[in-house]
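Chemist: sequence first, predicted model second:
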Amino acid sequence: MKEINGGITAAKGFMAASAAAGIKYQGRTDMALVYSTAPCVSAGTFTSNVVKAACVQWDMEIVKSKEPLQAVVINSGIANACTGKEGFDACEATAKAVEAKLNVPYKGVAVASTGVIGTQLPVDKLVAGVDMMSSKLDESIAAGTEASKAIMTTDTVNKELAVEFQIGGKPVTLGGMSKGSGMIHPNMCTMLAFLGTDLAIEKSLLQEAVSDVVADSFNMITVDGDTSTNDTLICMANGLAENPKITEKGEDYNTFKEALAYVCEALAKKMAADGEGASKLFEATVVNAKSKADAKTLSRAIVGSNLSKAAIFGCDANFGRFLCAMGYSGADFDQNDVELYFKSVNGTLKVFDKGTPIVFDEDEALKIMKADAVTVYVDMHEGSACATAWGCDLTYDYVKINADYRS
């Protein structure tokens, strides 16, 4: 497997376009269209929030069905959540606009939205946006990059990645894009992710791989503890690589799953690092825990604690905050077994050793924590399970961004 240039258009048959439809933002693009020249099997994961956006409910039905998926339309600025029947009508109108332009059955068109909750989408602008994008579809890397920019809301950078690997002697490509900066605490954030591959694979196996990988990637990030109404990840596979179709688990399936995990983890980390107002990536790695569930619970508790996030922002090696978060996480452990370290490109520093604090050099700690990415590394000494979670620091700008987000 190797990382290559590109994103959602990297794989054979995938095209993209973007448009400035004027849905909420002015002076920038706010719609994207992803299209596969061949019908795709699809898999997806969606928010566990009981309050689900109309587009989430639309897409869940499409992914559950056996019908092929061939296009996705995404808008930024308005979330189409808590919008009643009018919200569902907007989904259908958008999908039917694609059908009219690209001769794709509207039930094979997914839709996704991100932005303000409780505001109705302007259907006329959505349809006009589809009209514009349909004639601009392009398979170039640049087209995919522009699509990744169009779906941004409070993101400061676009997020895309692609890899190439071999299946049955055939080169296979997997590319993707995501957006998310705030309202990030996925349970499958506002988080959207779209993946396209030219792999030939059975639908049920694609879904199993996606569900497993999301659990260890997107579901291990948190920015602010809020699980969005719109969380959506959709993976499309069109089979144009012409590899021997993956119909059972084995070496080929594992190779694909490894590539999928690489892309999803990388995109998830890009989202965590770009958390609203963030100045650095905050990572927590827990090793030698009693169980995988405990390791996940502990690592997510560390990066999810506001006090821990504030300490990371202030470059304060106040290890008690991280231990405290572990203690209320719900995982059972003996604090007298725990070792805790701070790590970054600037070094490693042990600060807690099996129930006892260690006297450390504050200047050395400050140097380590001033890096752009800081890891809290915890050895539980109680088993063999491990997990990593990602988040960001909590800065003054987070409040500024969210205090007037709607206005």
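Modeler: Cool, the structure landed. Values in this document were obtained by computation on a predicted structure and should not be read as measured data.

Chemist: where in this protein is pLDDT low?
Modeler: Applying pLDDT under 70 to the chain flags residues 181-190, 223-228, 275-277, 398, 401-402, 404-407.

Chemist: just the buried residues of the longest helix anywhere in it, please?
Modeler: In the chain, taking DSSP state H as the definition, the longest helix is helix 251-273. In terms of neighbour count (16 or more other Cβ atoms under 10 Å), helix 251-273 has its buried residues at 252-253, 255-257, 259-273. Using the backbone N, CA and C atoms, a C-beta is placed for each residue, glycine as well.

Chemist: how about stretch 63-78?
Modeler: By neighbour count with 16+ other Cβ under 10 Å, stretch 63-78 contains the buried residues 63, 68, 69, 70, 71, 72, 73, 74, 75, 76, 77, 78.

Chemist: can you lay out those residues as TSV showing distance to residue 210 and secondary structure?
Modeler: What follows is these, written out as TSV (distance: Cβ to Cβ, whole Å; DSSP: H, G, I helix; E, B strand; the rest coil):
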residue	distance to residue 210	secondary structure
63	10	helix
68	16	coil
69	13	strand
70	18	strand
71	19	strand
72	15	strand
73	20	strand
74	18	strand
75	23	strand
76	23	strand
77	27	strand
78	27	strand
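
Chemist: could I get those as a markdown table with distance to residue 136?
Modeler: Compiled in a markdown table, the buried residues of stretch 63-78 are given as follows (distance: Cβ to Cβ, whole Å):
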| residue | distance to residue 136 |
| --- | --- |
| 63 | 27 |
| 68 | 23 |
| 69 | 21 |
| 70 | 17 |
| 71 | 14 |
| 72 | 16 |
| 73 | 13 |
| 74 | 15 |
| 75 | 16 |
| 76 | 17 |
| 77 | 20 |
| 78 | 22 |
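
Chemist: out of the residues you listed, what pair is the most spread apart?
Modeler: Using Cβ to Cβ, the pair of those lying farthest apart is 68 and 77, separated by 29.2 Å.

Chemist: before we move on, the earlier item: so which other helices or strands are in contact with the longest helix of the chain?
Modeler: If you count contacts as 3 or more Cβ pairs under 8 Å, 6 or more residues apart in numbering; DSSP states H and E, helix 251-273 packs onto strand 159-167, strand 170-179, strand 192-197, helix 203-216, strand 281-289, strand 385-392.

Chemist: now the ones you listed as a markdown table including mean neighbour count and distance to residue 376?
Modeler: A markdown table is the format used below for those (neighbours: other Cβ atoms under 10 Å; distance: least, Cβ to Cβ, whole Å):
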| stretch | mean neighbour count | distance to residue 376 |
| --- | --- | --- |
| strand 159-167 | 22 | 24 |
| strand 170-179 | 24 | 24 |
| strand 192-197 | 30 | 26 |
| helix 203-216 | 19 | 18 |
| strand 281-289 | 24 | 5 |
| strand 385-392 | 24 | 10 |
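
Chemist: which of these sits closest to residue 38?
Modeler: Among the helices and strands packed on helix 251-273, the nearest to residue 38 by Cβ to Cβ is strand 192-197 (11.1 Å).

Chemist: against which helices or strands is the closest one packed?
Modeler: Partner elements for strand 192-197 (3+ Cβ pairs under 8 Å, 6+ apart): strand 31-46, strand 69-78, strand 109-116, strand 170-179, strand 232-237, helix 251-273.

Chemist: run the angle between the fourth one and helix 251-273 for me.
Modeler: Using axes from the mean of the first three to the mean of the last three Cα atoms, to 10 degrees, the direction of strand 170-179 lies 20 degrees away from that of helix 251-273.

Chemist: coming back round to it: tell me the one of the buried residues of stretch 63-78 nearest residue 53?
Modeler: Set against residue 53, the nearest of the buried residues of stretch 63-78 by Cβ to Cβ is residue 78 (10.1 Å).

Chemist: any idea how far the closest one lies from residue 88?
Modeler: Remark: distance between residue 78 and residue 88 (Cβ to Cβ, to the nearest Å) = 15 Å.

Chemist: go on, residue 252?
Modeler: Per Cβ to Cβ, residue 252 is found 39 Å from residue 88.

Chemist: then residue 361?
Modeler: Per Cβ to Cβ, residue 361 is found 60 Å from residue 88.

Chemist: same deal with residue 100?
Modeler: Relative to residue 88, and taking Cβ to Cβ, residue 100 is found at 19 Å.

Chemist: how about residue 60?
Modeler: 12 Å.

Chemist: what's the burial count for residue 360?
Modeler: Taking other Cβ atoms under 10 Å as the criterion, the count of residues near residue 360 is 15.

Chemist: contacting residues for it?
Modeler: Taking Cβ atoms under 8 Å, 6 or more residues apart in numbering, we find residue 360 in contact with 317, 349, 350, 351.

Chemist: mind running it again at 7 Å?
Modeler: The neighbours of residue 360, taking Cβ atoms under 7 Å, 6 or more residues apart in numbering as the test, are 349, 351.

Chemist: what strand or helix carries the nearest residue to residue 317 once chain neighbours are set aside?
Modeler: Closest residue in space to residue 317, ignoring its immediate chain neighbours: residue 365 at 3.7 Å, by Cβ to Cβ, 6 or more residues apart in numbering. Using DSSP states H and E, residue 365 sits within helix 362-369.

Chemist: repeat that for residue 60.
Modeler: Element membership of residue 60, judged by DSSP H and E, is helix 54-64.

Chemist: helices and strands around that helix, which ones?
Modeler: strand 31-46, helix 84-102, strand 109-116, strand 232-237 (3 or more Cβ pairs under 7 Å, 6 or more residues apart in numbering; DSSP states H and E).

Chemist: tell me which other helices or strands the longest one touches.
Modeler: This points to helix 84-102. If you count contacts as 3+ Cβ pairs under 7 Å, 6+ apart, helix 84-102 packs onto helix 54-64, strand 69-78, strand 109-116, helix 123-134.

Chemist: kindly calculate the angle that the second one makes with helix 84-102.
Modeler: Translated: strand 69-78. 130 degrees.

Chemist: partner strands of strand 69-78 and their direction?
Modeler: strand 31-46 (antiparallel), strand 109-116 (parallel) (DSSP bridges).
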